[in-house]
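Student: Coordinates for the following, if possible.
(4 chains, ligands or ions: 2)
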Amino acid sequence: MSADSLYQQIILDHYKNPHHRGLPDDFDAEVHHVNPTCGDEVTVRVKLTGGAIVDLGWDGEGCSISQASTSVMSELVVGKAVDDAMALQDKFLSLMQSRGNATLSEADEDELDDAVAFEGVSKYPARIKCALLGWMAMKSAVAEAGWGAGTNSAGETA
Amino acid sequence: MSADSLYQQIILDHYKNPHHRGLPDDFDAEVHHVNPTCGDEVTVRVKLTGGAIVDLGWDGEGCSISQASTSVMSELVVGKAVDDAMALQDKFLSLMQSRGNATLSEADEDELDDAVAFEGVSKYPARIKCALLGWMAMKSAVAEAGWGAGTNSAGETA
Amino acid sequence: MTSVGFDVEAVRKDFPILSREIHGVPLIYLDSANSAQKPQVVIDSEADLYANHYANVARAVHTLGSEVTHAYEGARDKVAAFLNAPSRDEVIFTRNITEALNLLAYSLSNASTFPGAQRFRLGPGDEIVVTEMEHHSNIVPWQQLAQRTGATFRWIPIDDEGRLVESAIDEVITERTKVVSFVYQSNALGTINPVRRIAERARAVGALSIVDAAQAAPHLPLDVQDIGADFVAFTGHKLYGPSGVGVLWGRYELLADLPPFLGGGEMIETVAMSGSTFTAPPHRFEAGTPMIAQAVALGTAVDYVTALGMDEIREHEKALTAYALDGLQAIDGLRIIGPSTSLDRGATISFTLPGIHPHDVAQLLDEQGIAVRAGHHCARPVCLRYGIPATTRASFGVYTTSDEIDALVSGVKHVQEIFA
Amino acid sequence: MTSVGFDVEAVRKDFPILSREIHGVPLIYLDSANSAQKPQVVIDSEADLYANHYANVARAVHTLGSEVTHAYEGARDKVAAFLNAPSRDEVIFTRNITEALNLLAYSLSNASTFPGAQRFRLGPGDEIVVTEMEHHSNIVPWQQLAQRTGATFRWIPIDDEGRLVESAIDEVITERTKVVSFVYQSNALGTINPVRRIAERARAVGALSIVDAAQAAPHLPLDVQDIGADFVAFTGHKLYGPSGVGVLWGRYELLADLPPFLGGGEMIETVAMSGSTFTAPPHRFEAGTPMIAQAVALGTAVDYVTALGMDEIREHEKALTAYALDGLQAIDGLRIIGPSTSLDRGATISFTLPGIHPHDVAQLLDEQGIAVRAGHHCARPVCLRYGIPATTRASFGVYTTSDEIDALVSGVKHVQEIFA
Ligand SMILES: Cc1ncc(COP(=O)(O)O)c(C=O)c1O
Ligand SMILES: Cc1ncc(COP(=O)(O)O)c(C=O)c1O
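Tutor: Ligands and ions are numbered 1, 2, ... in the order given. Below is the predicted model of the structure:
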């Protein structure tokens, strides 16, 4: 395997030993996302308390990129303030859209941690959705759990 | 005007002084043909007697190629046996479809006479229909006048 | 006489075909409104893709597939910028503008049976409006749509100078109107229409507005936001791009709700034998393997004209048009069909000569190396309007010179001599 | 192992892209079923047309217009000969096969309102039949047609080996069937179907029969008279031709009666604001400026494969397929999706590996320079049928060698090691 392989050892490790895999019984929201073009699927459950993601578990099927990325995502966001998790999701999204030309600061690299290993995916348009699947599901689940509703509630109370 | 101009002097002469132009009052059939792509029009009247075209007159509007070709056609077929006129029509059709590669025998040249001047038209797909307009109308008019009905009547008597 | 800053001799070197000879004399190509010639960069762009980066788009995970997808989607970015489109996802690649217009006409008729597309349905009592100066490609699709739905087909008439009858705009476009499709610059007359005015009227009555910019895109700056219509379409081969590719731009919120047109690969979300769902625009409207290399080369053509500058091209051609109108109108008996001055008109001039059929004019000009078009230019209603069978049409492009216009004028005089 | 008389090394020199390197190793292109690479003659054919003979077709009286029209119509002659079509007027150029199939589906639904086209009308109670192994481009147009007309959409199922259930052919195609559209060679399974048998059954019940020959045209001799169907379509880019062009062949007597599809320039006889009439096939179905250079280059591609010999190509690929099936099936756990022997199958092999997703297989093969495709190959119902999300697919062409197949086999083993 060459050094610039898409399949960094970190990715293979997460794929073979996924973190937070399994669906917790105590949760605020569950979402199921599918990538129709390749059939990758993921189910994510989240539990929020005091503006933080206190628990997240998932189950899924698909390629190593989608599975490993979901594993890395769950490692990174569990225990984080929702706002921070969203900021990180945004950062990862930008990395995926960088077409292999991302310039990450050291701070970015620290924050993204294992997720940096997916940088190479951004060169393959067909795979970007795989790497994003779990992250997108996490974002939806958090929204489903009511996060952001407060800030959006102006219209509802009118 | 170069020697290989489409506009041979013969064509210009026929255009300026068309033969058999005018619609005779005594006729067996009249047809009106239009080339929809360029708007050229011709009306042809024929009179048949004893298997021969004894009279043909025409009126029309259009480019010099269609007008001159109709004039040449009328010169050639008036007085001819219908079968010979049809054979000549066929020959002229082949000439037009030759894409500039016709090989005419001396006999062909004799028969086609002034119509040989249209050989160059065969190189211009857009103009072939112009050169054929009058010839096609003549063929229709002759059919309309009942020629060929006898030979086709087998089905009708059954 | 050509505008400052536009080096037409340098431009000519970019077009290999301009060194061709016709009947032993150098080619003078005055048929760009029919189809424009191609600069070497456009030709090379297709060839390079095939020789070095080719595969199918979108579907592949391999390197060539990624490269070609970047190139294809990159062309979409270029076209979006060229049109000043708010979003790249509003740019749909089609075969030509004819397909773009049919796409809309069929999508609208599919609304009759497509769940959730009620707002686009047409039926008896509804009206579809075009103008009397449309190209057949912007007439027939709407006549067919009227036939399919029972809607009424109407048009804005033109006056003797080849302009829309101004008062008719508000008379013909009414509350009954559901679709207004009109040409920006006429290919038969050269007229440039008041597109903002018509688009505004359409919006005021709640109709969809569609601009046929086939003849505008090569000649003037196109800004879809400024035009204010709902859809704008153009065709690549007239914009110095390859044959086989065109563009439909549409407002995203409309594209997102319109039913699909062609069904097949790439436009679907999921397919099962029991039923299918469709992906988002623009891919929803790009069924099957697209004209990959052609879209990429169209992107190159857009780069090419952008580098020359659309304002500079417009100035160059305006000067040529004024010069040609002067030269031609000095010819005995010559009649211009369309506006006789260079105000609000493009670099396309139709004319007739008494007693000489346009086909003969064009053919005899060809014998002098000059390529012009003769016929009804796929806008037969215009000829019917003026009671003529056809016109001769000279049209100019970035590579046209004033010397070529001089040759045209003396060529026409020569034709007159032959028929004298 | 390659067949005698077929010099694959000479063939490879014709394809410039085959000297590319991917990730530092020579390209091994095993994705020809997705889109084939282009020989230099095809690339040159387009470039030469633009550089020396370009103008719009059909409409011009000038020399360039004549030259390009000869070239374009000459390509039609070549395709007619390639298909053994009774008449050149039965050959319609389309953008791709997707458009060809949609053309038929829309023409049939236009019959509902087109005067004189009663015999083609579909409605509730009528049935449209496809097979379970169709490409999306031969599913969605018919689902849409069913939606527009109220007809019922049905299909012939496939068995565990990837073949049509023989007994179902007569069961599903019945007196109620109005259209049967089916694939000659499956792009997902490689299966070659009994096309004569199905066309015959369709004729027996009075249904129109349509053959999707997208994957057949590049791989075996196509003879439309021998097949006996009413319509046969293929797509240029899989036949070593350019992107952006396809072909629909149809029996003339049907084409002559079918309502037009797209409206616009070139397909009309006369246009007036009050109504239009349409020209004869093939031009009736070619609205607007066609993909001129692409059709011409497709003609060149047809010349190219004809010179190699379709029988020779078939033999070459059959040998490769047998070799690849042996090599792949020797890999631990590898499962072929589709026929497992080279009998009645083409040079397209889909497979799965336990525990490794096809996307990962394809991506890791790409890192070794090997281009294969992973996914549902636009035939998702096939994946649903076998309960798998996707397959990895290797497909061969005239330039494929047995060394490349060896590389594929060892590449797959390497992937297994990484995931071990
Ligand atoms: C069997 C089959 N039919 C139809 C198609 C569609 O071809 P295109 O995308 O060129 O229209 C393909 C290829 O993708 C195919 O393999
Ligand atoms: C104004 C106008 N609209 C539409 C068209 C049709 O373009 P195409 O044949 O490329 O679809 C043309 C050109 O022929 C045109 O000039």
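Student: Any buried residues in stretch C:196-209, and which?
Tutor: C:Ile198, C:Ala199, C:Arg201, C:Ala202, C:Val205, C:Ala207, C:Leu208, C:Ser209 (16 or more other Cβ atoms under 10 Å in any protein chain shown). Every residue, glycine included, has its C-beta placed from N, CA and C.
Student: do the same with stretch A:78-86
Tutor: Result for stretch A:78-86 [16+ other Cβ under 10 Å]: buried residues A:Val78, A:Lys80, A:Val82, A:Asp84, A:Ala85, A:Met86.
Student: and what of stretch C:22-33?
Tutor: Using 16+ other Cβ under 10 Å as the test for burial, stretch C:22-33 gives C:Ile22, C:Leu27, C:Ile28, C:Tyr29, C:Leu30, C:Asp31, C:Ser32, C:Ala33.
Student: Okay, and which of the buried residues of stretch C:196-209 map to helices?
Tutor: Among those, the members falling in helices (DSSP state H) are C:Ile198, C:Ala199, C:Arg201, C:Ala202, C:Val205.
Student: these two touch, right, the last one and C:Asp170?
Tutor: Okay, so that is C:Val205. No. C:Val205 lies out of contact with C:Asp170 (Cβ atoms under 8 Å); the separation is 9.3 Å.
Student: lowest-confidence helix or strand of chain A?
Tutor: Least confident helix or strand of chain A, by mean pLDDT, DSSP states H and E, is helix A:154-157 with a mean of 30.
Student: the helices in chain C, which residues?
Tutor: Under DSSP H, chain C gives helices at C:8-13, C:40-48, C:63-83, C:97-110, C:140-149, C:166-172, C:195-205, C:224-227, C:252-255, C:292-308, C:310-329, C:358-366, C:380-386, C:402-419.
Student: gap between the helix ranked longest in chain A and the chain center?
Tutor: Across chain A, the longest stretch assigned as helix under DSSP H is helix A:125-144. Remark: helix A:125-144 is offset 6 Å from the chain centroid, using Cα atoms, centre = their mean, to the nearest Å.
Student: roughly how far apart are C:Arg380 and ligand 2?
Tutor: In this view, C:Arg380 and ligand 2 are 13 Å apart by Cβ to the nearest ligand atom, to the nearest Å.
Student: check contacts around the residue of chain A found nearest ligand 2.
Tutor: When scored by Cβ to the nearest ligand atom, chain A has A:Pro125 as its residue closest to ligand 2, at 29.6 Å. Neighbouring residues of A:Pro125 by Cβ atoms under 8 Å, 6 or more residues apart in numbering or on different chains: C:Ala58, C:Ser66, C:Thr69, C:His70, C:Glu73.
Student: Can you pull up the residues of chain A that come close to chain C?
Tutor: Within chain A, the positions near chain C by Cβ under 8 Å from any Cβ of the partner chain are A:Pro36, A:Arg99, A:Lys123, A:Tyr124, A:Pro125, A:Ala126, A:Arg127.
Student: Could you list the buried residues of stretch C:408-415?
Tutor: Within stretch C:408-415, the residues that count as buried by 16+ other Cβ under 10 Å are C:Leu408, C:Val409, C:Gly411, C:Val412, C:Val415.
Student: which residues does the first one contact?
Tutor: By that I understand C:Leu408. Residues counted as contacts of C:Leu408 (Cβ under 8 Å, 6+ apart) are C:Ile28, C:Leu30, C:Ala324, C:Gly327, C:Leu328, C:Leu365, C:Ile370, C:Val372, C:Ala394.
Student: out of those, which touch chain D?
Tutor: Near chain D, by the rule Cβ under 8 Å from any Cβ, you find C:Leu365, C:Ile370, C:Val372 out of those.
Student: The second one against C:Ala407, yeah?
Tutor: Yes. Judged on Cβ under 8 Å, C:Ile370 makes contact with C:Ala407 at a distance of 6.2 Å.
Student: Counting neighbours, go ahead and name the busier of the two.
Tutor: C:Ile370 (25 against 19; other Cβ atoms under 10 Å in any protein chain shown).
Student: residue closest to the middle of chain A?
Tutor: Geometric centre of chain A, nearest residue: A:Trp135, 2.4 Å, by Cα atoms, centre = their mean.
Student: Any regions of chain A where pLDDT drops low?
Tutor: A:1-3, A:149-158 (pLDDT under 70).
Student: how about the helices in it?
Tutor: Taking DSSP H as the criterion, chain A carries its helices at A:9-16, A:64-77, A:82-96, A:106-112, A:125-144, A:154-157.
Student: contacting residues for whichever residue of chain A sits closest to ligand 1?
Tutor: Among all residues of chain A, A:Thr37 sits closest to ligand 1, at 14.2 Å; criterion: Cβ to the nearest ligand atom. Applying Cβ under 8 Å, 6+ apart, we find A:Thr37 in contact with A:Ala126, A:Lys129, D:Gly375.
Student: so who does the last one touch?
Tutor: The one in question is D:Gly375. Here D:Gly375 is in contact with A:Thr37, A:Cys38, C:Arg59, D:Pro358, D:His359, D:Ala390, D:Thr391 (Cβ under 8 Å, 6+ apart).
Student: List the beta-bridge partners for it.
Tutor: Counting by DSSP bridges, D:Gly375 is bridged to D:Thr391.
Student: pLDDT score for it?
Tutor: Looking at D:Gly375, its pLDDT is 88.
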